[in-house]
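1. Predicted model and sequence below, questions to follow.
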Amino acid sequence: QVQLVESGGGLVQPGGSLRLSCAASGFTFNYYGMRWYRQAPGKERELVATISSTGGTTNYADSVKGRFTISRANAKNTVYLQMNSLKPEDTAVYYCNVLLQGLNYWGQGTQVTVSS
């Protein structure tokens, strides 16, 4: 079955960096685009970044452009989110996502807290 397992979250000071990873299994990873979402307390889940199946095309929410970088290693079935210059408003649970035959699959999420 499809599994997405996120890791790499934690507590970081404003201005700091974190690298999130999402290990995927149960589908042909290099056929599908991947996405990172986040959900802050009391807010709706929002799309943060997307990457095409080959990694050649990426897109970002305006709020993270220039600070976050999405990438993938198809040989490792893993997608990454490098987060730099973190701000308190980046605090959220971050989720990995894939859309397969019209169905959305999600990981369990990893908590990112940006605080001094």
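-> On my side now, so go ahead. Residues are numbered from 1 along each chain as shown.
2. buried set for the host helix or strand of Thr113?
-> Using DSSP states H and E, Thr113 sits in strand 110-114. Residues of strand 110-114 classed as buried by neighbour count (16 or more other C-beta atoms under 10 Å): 110, 112, 114. C-beta coordinates here come from the backbone N, C-alpha and C atoms, glycine included.
3. And the strands in the chain?
-> 3-7, 10-12, 18-25, 34-39, 46-51, 58-60, 68-73, 78-83, 92-100, 103-106, 110-114 (DSSP state E).
4. what's the fourth one packed up against?
-> The helices and strands touching strand 34-39, judged by 3 or more C-beta pairs under 8 Å, 6 or more residues apart in numbering; DSSP states H and E, are strand 18-25, strand 46-51, strand 68-73, strand 78-83, strand 92-100.
5. Could you rerun that using 7 Å?
-> strand 46-51, strand 92-100 (3 or more C-beta pairs under 7 Å, 6 or more residues apart in numbering; DSSP states H and E).
6. For the first one, C-alpha coordinates in CSV please.
-> Going back to what we said before, that points to strand 46-51. Extracted C-alpha coordinates of strand 46-51, given in CSV (Å, rounded to 0.1, in the frame of the first residue of the first chain):
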residue,chain,number,x,y,z
GLU,A,46,-2.1,25.1,2.5
LEU,A,47,0.1,24.0,-0.4
VAL,A,48,3.7,25.0,0.1
ALA,A,49,5.6,23.5,-2.8
THR,A,50,5.3,21.1,-5.7
ILE,A,51,7.8,19.2,-7.8
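7. For stretch 50-67, give me every contacting residue.
-> Here stretch 50-67 makes contact (C-beta atoms under 7 Å, 6 or more residues apart in numbering) with 30-35, 46-49, 68, 70-72, 79, 83-85.
8. coming back round to it: and the strands of the chain as TSV, adding mean pLDDT?
-> Shown next, in TSV, are those (pLDDT from 0 to 100):
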stretch	mean pLDDT
strand 3-7	98
strand 10-12	98
strand 18-25	98
strand 34-39	98
strand 46-51	98
strand 58-60	98
strand 68-73	98
strand 78-83	98
strand 92-100	97
strand 103-106	96
strand 110-114	98
